[in-house]
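>>> below is the structure, and that's it, no one-letter string:
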């Protein structure tokens, strides 16, 4: 009796794990699906917003990218790379410069921020 219970439990755990793997594999079908799934799981994670913003920028969607960089900065105001990348998308020279300077303030060796500021 005890052996049957243990085997039944093991079967249930394995079946559940397999189903979860199949469901999670759908998230890996593209970079966008994976990042969206990450945002659904961790909506208050600055790095998730930053990574999704990078994807949006690379996909030619700068307005949405700016929104996610700003979300990242709301969650982590000293995130130097988010300031730098947001600055590259902002057309207003003074505002862009502000973000490059903030990136340097929070990480003095941020090479890209120095380059972009120049």
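Okay, I see it. Small disclaimer: the values here were computed from a predicted structure and weren't measured. Numbers count the residues shown, from 1 in each chain.
>>> break this protein down into its structural domains.
The chain breaks down by automatic domain parsing into domains covering 1-41, 44-118.
>>> including mean pLDDT, could these go into a markdown table?
A markdown table is the format used below for these (pLDDT from 0 to 100):
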| stretch | mean pLDDT |
| --- | --- |
| domain 1-41 | 82 |
| domain 44-118 | 98 |
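>>> winner for burial among these?
Of all the domains of the chain, domain 44-118 carries the top mean neighbour count, a mean of 17, counting by mean count of other Cβ atoms under 10 Å. Heads up, the C-betas are built off the backbone N, CA and C, glycines and all.
>>> how far out from the middle of the chain is that domain?
Chain-centre distance of domain 44-118: 12 Å, with Cα atoms, centre = their mean, to the nearest Å.
>>> quick one: end-to-end distance for that domain.
33 Å (Cα to Cα, to the nearest Å).
>>> now stretch 70-87
End-to-end for stretch 70-87, by Cα to Cα: 11 Å.
>>> shift numbering so it begins at 876
All right, first residue 876 from here; so that's stretch 945-962.
>>> the closest residue to residue 941 other than its chain neighbours and residue 938: what is the separation?
With sequence-adjacent residues excluded and distances taken as Cβ to Cβ, 6 or more residues apart in numbering, residue 941 is closest to residue 964, at 5.2 Å. As judged by Cβ to Cβ, to the nearest Å, residue 964 and residue 938 stand 8 Å apart.
>>> list the contacts of residue 977.
Neighbouring residues of residue 977 by Cβ atoms under 8 Å, 6 or more residues apart in numbering: 955, 958.
>>> any idea how far residue 916 is from it?
Counting by Cβ to Cβ, the gap from residue 977 to residue 916 is 28 Å.
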